[in-house]
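1. how would this look folded up:
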Amino acid sequence: MPTGQLYVGLISGTSVDAIDAVLVDFATGRARLVAASAVPYPTPLRHALLDLAQGDGLTTLDRLGELDAQVAMCFAEAANRVIIEAGVDRPAIAAIGSHGQTIWHRPGAAYPFTLQIGDPTRIAEATGCTVVADFRRRDMAAGGQGAPLMPAFHAAMIAAGNEPRAVLNLGGIANLTLLPAGRGTPVRGFDTGPASCLLDAWALRHRGAPFDRDGLFATQGRCNAGLLEALLAEPYFSLPAPKSTGREVFNLGWLERQLAGRSIGCADVQATLLELTARTVAAALKREMPDAARVFACGGGVHNPALMAALARALAPTSLVTTGALGIDPDYVEAMGFAWLARETITGRPGNLPAVTGAAGPRILGAIYPA
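-> Purely as a prediction, here's the structure:
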């Protein structure tokens, strides 16, 4: 098995918009981004994945098996593309860390489970590289949420000894990592609720666009106070950490139940959803880490200026910047994190933080599929 310091990271998040692929060099002990690309899913496959994730969770075994194979080939294409663009020989790559595509996440079920698809054996076969995958289930087997997993990477890359910091990932779901100053307090993290998943779904339904570019749809409306109050009454927001969530809770069906009996313009709904993200993120941070000096944002949501402005207002006086202020591309933080997690697995080190996920202890995550 290769023992070098080059790793590939692959992820498609809750937004199901593209597969982020990175090549990362850990030769210095820290992650250095060598190359990165985002490979969109073919439109029919994206719609099939969204229909499954936003629906009732029911499908056929035939359909699930086909999607597993299709997603894997898209992930392999993304890996091959970033490797070719970097001009790196395959034997120099220690491993590919593949998160896969989350289809269903049920940490609160009678028998908790989380399901990511994207067959790692196909990725290994198509790339000629060792693959590490299935990161979340070991943490869940140990009693954890299986999510979020990025706080360990954030702690390694972004923590500062003299400043309490938070990292805010704005994917389909928003999650916070709380990085205290000093070494005596454990790192914490949790999902706060929706970031872009509802904004994207509402934009697709009413504008035919996969997302609300620049937040223009939301800026055409006004936040509806009654609807916002109803949305904020969702019990998830008041649950204590550890906690994690996904489209299983925050989907169009959930929104439609709150809209029942209300006559609200579609742009006003979009504006209200944007305010929901800002309010829930800010409330969580002020409750859990009121002394945070700065919030470093990453993920696709950083490209929505309306969302970033709403977050800045809600978080004040805590300042909001992107991870770009630290020289870390905000578009690829999570993919870099899965390259890092693959490295931890290959070298036999735990990748989870029990204080974050609630697991019984540190665990080596994932399974290794040799080249």
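2. What segments of the stretch 51-200 of the chain are helices?
-> In the stretch 51-200 of the chain, helices defined by DSSP state H, counting those that start in this stretch lie at 61-86, 120-127, 136-141, 150-157, 197-207, listed in chain order.
3. mind listing what's buried in the third one?
-> Looking back up the chat, that one is helix 136-141. Neighbour-count burial for helix 136-141, with 16 or more other Cβ atoms under 10 Å as criterion, is recorded at R136, R137, R138, D139, M140. The C-beta positions use only the backbone N, C-alpha and C, and glycine is treated the same way.
4. Compute the mean per-residue pLDDT across it, please.
-> When pLDDT is averaged along helix 136-141, the result is 98.
5. Assess the claim that L311 and S319 are in contact.
-> No: between L311 and S319 there is no contact, the gap being 11.0 Å when judged by Cβ atoms under 8 Å.
6. With neighbour numbers in mind, choose between the two.
-> L311 (27 against 13; other Cβ atoms under 10 Å).
7. where does the more buried one land in three-state SS?
-> Assigned state for L311: helix (three-state reduction, DSSP: H, G, I helix; E, B strand; the rest coil).
8. list the contacts for it?
-> Counting by Cβ atoms under 8 Å, 6 or more residues apart in numbering, L311 touches L168, T277, A278, V281, A282, V295, A297, L320.
9. do the same with F113
-> The contact partners of F113, taken as Cβ under 8 Å, 6+ apart, are W104, R106, R137, M140.
10. can you redo those residues as a markdown table with distance to V71?
-> As requested, the contacts of F113 are exported to a markdown table (distance: Cβ to Cβ, whole Å):
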| residue | distance to V71 |
| --- | --- |
| W104 | 14 |
| R106 | 19 |
| R137 | 17 |
| M140 | 20 |
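11. Name the helix or strand of the chain that has the lowest mean pLDDT.
-> Per-element confidence for the chain was summarised using mean pLDDT, DSSP states H and E. The lowest value among helices and strands belongs to helix 43-54, with a mean of 88.
12. So which elements touch that helix?
-> Taking 3 or more Cβ pairs under 8 Å, 6 or more residues apart in numbering; DSSP states H and E as contact, the helices and strands that helix 43-54 lies on are helix 61-86, strand 93-106.
13. got the angle between the last one and helix 43-54?
-> Using axes from the mean of the first three to the mean of the last three Cα atoms, to 10 degrees, the direction of strand 93-106 lies 50 degrees away from that of helix 43-54.
14. Give the partner strands of strand 93-106 in its sheet and their orientations.
-> For strand 93-106, the pairing partners within the sheet under DSSP bridges are strand 6-12 (parallel), strand 113-117 (antiparallel), strand 131-133 (parallel).
15. Would you tell me which of these gets closest to L64?
-> Judged by Cβ to Cβ, the one of the strands paired with strand 93-106 that comes nearest to L64 is strand 113-117, at 7.3 Å.
16. Please point out which parts of that closest one sit buried.
-> Neighbour counts using 16+ other Cβ under 10 Å place T114, L115, Q116, I117 of strand 113-117 among the buried residues.
17. For the first one, list each beta-bridge partner.
-> Here T114 shows beta-bridge partners H105, assigned using DSSP bridges.
18. how far away is the residue lying closest to A27 once chain neighbours are set aside from V88?
-> With Cβ to Cβ, 6 or more residues apart in numbering as the criterion, A27 has its nearest non-adjacent residue at 4.4 Å, and that residue is Q5. Relative to V88, Q5 is positioned 12 Å away (criterion: Cβ to Cβ, to the nearest Å).
19. shaky segments in the chain?
-> For the chain, applying pLDDT under 70 flags the ranges 1-3, 55.
20. Quickly list the domain ranges of it.
-> Domain assignment of the chain by automatic domain parsing yields the ranges 6-146+332-369, 159-326.
21. Now render those as TSV, adding distance to F153.
-> Conversion of the domains of the chain to TSV gives the following (distance: least, Cβ to Cβ, whole Å):
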stretch	distance to F153
domain 6-146+332-369	4
domain 159-326	9
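22. so which strand or helix has A36?
-> Secondary-structure element containing A36, defined by DSSP states H and E: strand 32-40.
23. For T59, find the nearest of the strands paired with strand 93-106.
-> Shortest separation from T59 across those is recorded for strand 113-117, at 11.0 Å, computed as Cβ to Cβ.
24. residues touching Q258, list them.
-> Q258 makes contact with L227, A230, L231, according to Cβ under 8 Å, 6+ apart.
25. Closest one to H99 out of those residues, please.
-> Comparing the contacts of Q258 against H99 with Cβ to Cβ picks out L231 as the nearest, at 28.4 Å.
26. what about that closest one, which SS state?
-> In terms of secondary structure, L231 is helix; the call rests on three-state DSSP.
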